[in-house]
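Visitor: below: sequence and its predicted model.
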2 protein chains.
Amino acid sequence: MSKPVVAIVGATGAVGVEFLQLLEERNFPLAELRLLASPRSAGKKMGFKGTEITVEALTAEAFRGVDIALFSAGGAISREFAPAAVRAGAVVVDNSSAFRMDEGVPLVVPEINPEAAKSHKGIIANPNCSTIIAAVPLWPLHKQNPIKRLIAATYQAASGAGAAGMAELEASTRAYLAGETPEPKVFPHVYAFNLFSHNTKIDPANGYNEEELKMVKETRKIFGDASIRISSTCIRVPVLRAHAIALDVEFERPTTPDEVRALLAKAPGVRVVDDPVANYFPMPKDASGQGDILAGRIRADISDPSGRSVALFVAGDQLLKGAALNAVQIAELL
Amino acid sequence: MSKPVVAIVGATGAVGVEFLQLLEERNFPLAELRLLASPRSAGKKMGFKGTEITVEALTAEAFRGVDIALFSAGGAISREFAPAAVRAGAVVVDNSSAFRMDEGVPLVVPEINPEAAKSHKGIIANPNCSTIIAAVPLWPLHKQNPIKRLIAATYQAASGAGAAGMAELEASTRAYLAGETPEPKVFPHVYAFNLFSHNTKIDPANGYNEEELKMVKETRKIFGDASIRISSTCIRVPVLRAHAIALDVEFERPTTPDEVRALLAKAPGVRVVDDPVANYFPMPKDASGQGDILAGRIRADISDPSGRSVALFVAGDQLLKGAALNAVQIAELL
């Protein structure tokens, strides 16, 4: 591909803003950058490499001449407009869940399965944020010693619900501190100094919510291993933009924290933050604005006498590696 | 015991304040209530049943005539003054970790092992807050179908570090929202919109921190079952006063979410909050100020094909059932 024409769909959203910044920072080769958003954002100007680009209203026609379309405007918009982008000749990198589990759609984390991107039929899906943040550090371990079972508990940031979610956490907290009663709008519950089960639909068949089932199904698809048994509990915590996850991992064969630490130390996209003496471990504060996933609290799970289980704690920027950065890395593969 | 003379040690702390309120609310029979605290708090007046009680400086002599001493002023104070209280004839209910694992000291949760309180030799220990909040809902399940393995991930509130911890979370958040850089003092890390691994010492032998090992050892002691295998990850989240815990429980025999829900519905000290249709589950906001532990998200762990594992999510007020309420309930057993 010579220098491509790139379109960002959902350019004014929390992930959209990160797309612009990443394309600039990484000096992504561009013939042209088009910013698409809802009609109410059309006409807005956004800065890019010292110039300003005017946001256009998203229409099926807006994809004419586009080579790569980065979608991050929710599943409904992706379902409506991604086919039009593909018909116009673009490769869509879609950050929504719309096509992730579709058979012909590769689900790609460049550190894990870059080769899958090549088999696309116009759409490449970007995985769920919690899935990516857990998968990047788990993959080098799985390659060495297959993961048989994974139990995850997430600590998810407001940014998972976009700029509006982050604004609600701030507004809710300001109201609480002012002695007022915060009114939730984006989320179903008061967010200030509170936490709650992820507000996606619960599957009546098994009691897991959609976010949890994404972690289960998407991890298996990305790893190409349908046999990994996964349970997840997804919780939204009052943090702005980086997710953390407590992981309990059971491997096929016995392992040690030192072995896990050594594998993670040389893993692409991972930074080991594991200092028991200083009590310094992965935190959202440190993960925010970072491309790497932070991994630490690496220890043998003392509840598994077989020596096959390891506990660890990871944190990653939900808007970067959990969304925009992974999608831009996919675009770079093209 | 006729109406006892009760002393509260650490009366001006976060748990101390709850002690006063609980003794009043529950109309605890009292001949006299004495409030003891550090010399710098001596002379302060605290309201109780419409009167005011003056805080006295904590000394070994202050226990003369005291029948029950409720300690919540940290392990060092308990180690220094609890023996003096016992020598003066008082029964100490100690909220610190100083004596919990001592052989002759009962570790009591009244819903679980009230009979253990009878065997005290002057000191009864109140368990760690996370331990209590997990143990209360787990006990009725364990009685029915022994728990073989437990994997816990906590979401712990600032109140675990007392009033100063709660004040730091509020101050840190105000500073952040004002565009300033919060300066941590009580905690080792910035707390505003951040979370971090519990700031207790890491055991170099196994990589677990003290808080996590308390959950492991204390749960076994309270349940009277040293065979339960437990792993815990303890995380402080920016919530003010109620802890939440994601629990993955493996039982001896297969079970079902319905069976677990039915057992919890009739369990003392537990309220089932488990509405998948409304997406309403245990939250710190709802647990705050409540004596009951909220339990929900009850589902069969899909990563265990044997049908023996259940996942659930619980929340409980760290200052009440996690500390003051449990201690007052122990005092009521006397």
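Guide: Structure received. Numbering: from 1, shown residues only, chains lettered A, B, ... in the order given.
Visitor: is it fair to say residue A:81 lies in a helix?
Guide: Yes: membership of residue A:81 in a helix is supported by DSSP: H, G, I helix; E, B strand; the rest coil.
Visitor: low-confidence ranges in chain A?
Guide: A:1 (pLDDT under 70).
Visitor: which residues does the residue nearest to residue A:300 when sequence neighbours are not counted contact?
Guide: Leaving aside its chain neighbours, residue A:300 sits nearest to residue A:257 (5.7 Å; criterion: C-beta to C-beta, 6 or more residues apart in numbering or on different chains). Every residue, glycine included, has its C-beta placed from N, CA and C. Residue A:257 makes contact with A:298-300, A:310, B:207 under the criterion C-beta atoms under 8 Å, 6 or more residues apart in numbering or on different chains.
Visitor: which residues of the stretch 1-150 of chain A lie near chain B?
Guide: A:149-150 (C-beta under 8 Å from any C-beta of the partner chain).
Visitor: please repeat the previous calculation with a cut-off of 10 Å.
Guide: Those residues of the stretch 1-150 of chain A that sit near chain B, judged by C-beta under 10 Å from any C-beta of the partner chain, are A:148-150.
Visitor: dump the one helix or strand residue A:261 maps to to CSV, keeping only the CA atoms.
Guide: Assigned by DSSP states H and E, residue A:261 falls within helix A:257-265. These are the backbone C-alpha positions of helix A:257-265, laid out as CSV (Å, rounded to 0.1, in the frame of the first residue of the first chain):
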residue,chain,number,x,y,z
PRO,A,257,7.2,-16.6,39.4
ASP,A,258,10.8,-16.2,38.2
GLU,A,259,10.0,-18.0,35.0
VAL,A,260,6.9,-15.9,34.5
ARG,A,261,8.8,-12.7,35.3
ALA,A,262,11.6,-13.6,32.9
LEU,A,263,9.1,-14.2,30.0
LEU,A,264,7.3,-11.0,30.7
ALA,A,265,10.5,-9.0,30.9
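Visitor: C-terminal to it, what's the next element?
Guide: In the C-terminal direction from helix A:257-265 (assignment by DSSP H and E), the next one is strand A:270-272.
Visitor: which strands or helices does that following strand pack on?
Guide: Judged by 3 or more C-beta pairs under 10 Å, 6 or more residues apart in numbering or on different chains; DSSP states H and E, strand A:270-272 is in contact with helix A:129-144, helix A:257-265, strand A:293-300, strand A:309-317.
Visitor: chain center to the shortest one: distance?
Guide: Put plainly, it is strand A:293-300. Computed by C-alpha atoms, centre = their mean, to the nearest Å, the separation of strand A:293-300 from the middle of its chain amounts to 19 Å.
Visitor: just want the angle from that strand to strand A:309-317.
Guide: Angle, strand A:293-300 to strand A:309-317, by axes from the mean of the first three to the mean of the last three C-alpha atoms, to 10 degrees: 160 degrees.
Visitor: for strand A:293-300, packing partners?
Guide: When contacts are defined as 3+ C-beta pairs under 10 Å, 6+ apart, strand A:293-300 packs onto helix A:129-144, strand A:242-251, helix A:257-265, strand A:270-272, helix A:284-287, strand A:309-317, strand B:229-236.
Visitor: repeat that for 7 Å
Guide: Using 3 or more C-beta pairs under 7 Å, 6 or more residues apart in numbering or on different chains; DSSP states H and E as the contact criterion, the secondary-structure elements in contact with strand A:293-300 are helix A:129-144, helix A:257-265, strand A:270-272, strand A:309-317.
Visitor: still on that earlier bit, need the buried ones from the residues of the stretch 1-150 of chain A next to chain B selected in ChimeraX.
Guide: Those of the residues of the stretch 1-150 of chain A next to chain B that meet the burial criterion (16 or more other C-beta atoms under 10 Å in any protein chain shown) are gathered into one ChimeraX selection, given here:
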select /A:148,149,150
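Visitor: which ones among the residues of the stretch 1-150 of chain A next to chain B are found in strands?
Guide: Residues from those lying in strands, with DSSP state E as the criterion: A:148-150.
Visitor: show me where the stretch 101-250 of chain A has strands.
Guide: Using DSSP state E, counting those that start in this stretch, the strands of the stretch 101-250 of chain A run over A:123-125, A:147-156, A:196-197, A:229-236, A:242-251.
Visitor: now the ones you listed in a markdown table, with distance to residue A:275?
Guide: Formatted as a markdown table, the entries for the strands of the stretch 101-250 of chain A read as follows, by distance: least, C-beta to C-beta, whole Å:
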| stretch | distance to residue A:275 |
| --- | --- |
| strand A:123-125 | 36 |
| strand A:147-156 | 20 |
| strand A:196-197 | 31 |
| strand A:229-236 | 26 |
| strand A:242-251 | 16 |
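Visitor: residues near the residue lying closest to residue A:283 once chain neighbours are set aside, how many?
Guide: Nearest residue to residue A:283, sequence neighbours excluded (C-beta to C-beta, 6+ apart): residue B:196, at 5.0 Å. Around residue B:196 sit 26 other residues, with neighbours defined as other C-beta atoms under 10 Å in any protein chain shown.
Visitor: these two touch, right, residue B:196 and residue B:189?
Guide: Yes: between residue B:196 and residue B:189 there is a contact under C-beta atoms under 7 Å: 4.6 Å.
Visitor: which SS class is residue A:332?
Guide: Under the three-state scheme (three-state DSSP), residue A:332 adopts helix.
Visitor: okay, it and residue A:28: tell me how far apart.
Guide: In this view, residue A:332 and residue A:28 are 7 Å apart by C-beta to C-beta, to the nearest Å.
Visitor: those two: which has the busier surroundings?
Guide: When residue A:332 and residue A:28 are compared for neighbours, residue A:28 comes out ahead with 17 against 14, by other C-beta under 10 Å.
Visitor: so who does the more buried one touch?
Guide: residue A:328 (C-beta atoms under 7 Å, 6 or more residues apart in numbering or on different chains).
Visitor: which element is it on?
Guide: Secondary-structure element containing residue A:28, defined by DSSP H and E: none, the residue being outside all helices and strands.
Visitor: residue of the stretch 1-150 of chain A nearest chain B, please.
Guide: residue A:149 (5.2 Å; C-beta to the nearest C-beta).
Visitor: OK, contacts around that residue?
Guide: When contacts are counted by C-beta under 7 Å, 6+ apart, residue A:149 touches A:229, A:250, B:303.
Visitor: could those go into TSV alongside neighbour count and distance to residue A:96?
Guide: Output for those, formatted as TSV (neighbours: other C-beta atoms under 10 Å in any protein chain shown; distance: C-beta to C-beta, whole Å):
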residue	neighbour count	distance to residue A:96
A:229	17	27
A:250	19	31
B:303	21	26
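Visitor: is it possible to get CSV of those residues that adds distance to residue A:318?
Guide: Below are these laid out as CSV (distance: C-beta to C-beta, whole Å):
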residue, distance to residue A:318
A:229, 25
A:250, 26
B:303, 24
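Visitor: for the closest residue to chain B within the stretch 101-250 of chain A, what are its contacts?
Guide: Closest contact between the stretch 101-250 of chain A and chain B, by C-beta to the nearest C-beta, is at residue A:207 (3.0 Å). Listed by C-beta under 7 Å, 6+ apart, the contact set of residue A:207 reads B:257, B:276, B:299.
Visitor: just list whatever residues bridge to the closest residue to the second one other than its chain neighbours.
Guide: The shortest distance from residue B:276 to any residue other than its chain neighbours is 3.8 Å, reached at residue A:202 (C-beta to C-beta, 6+ apart). Beta-bridge partners of residue A:202, counted by DSSP bridges, are residue A:209.
Visitor: surely residue A:202 touches residue A:210?
Guide: No: at 8.2 Å, residue A:202 does not count as touching residue A:210 under the criterion of C-beta under 7 Å.
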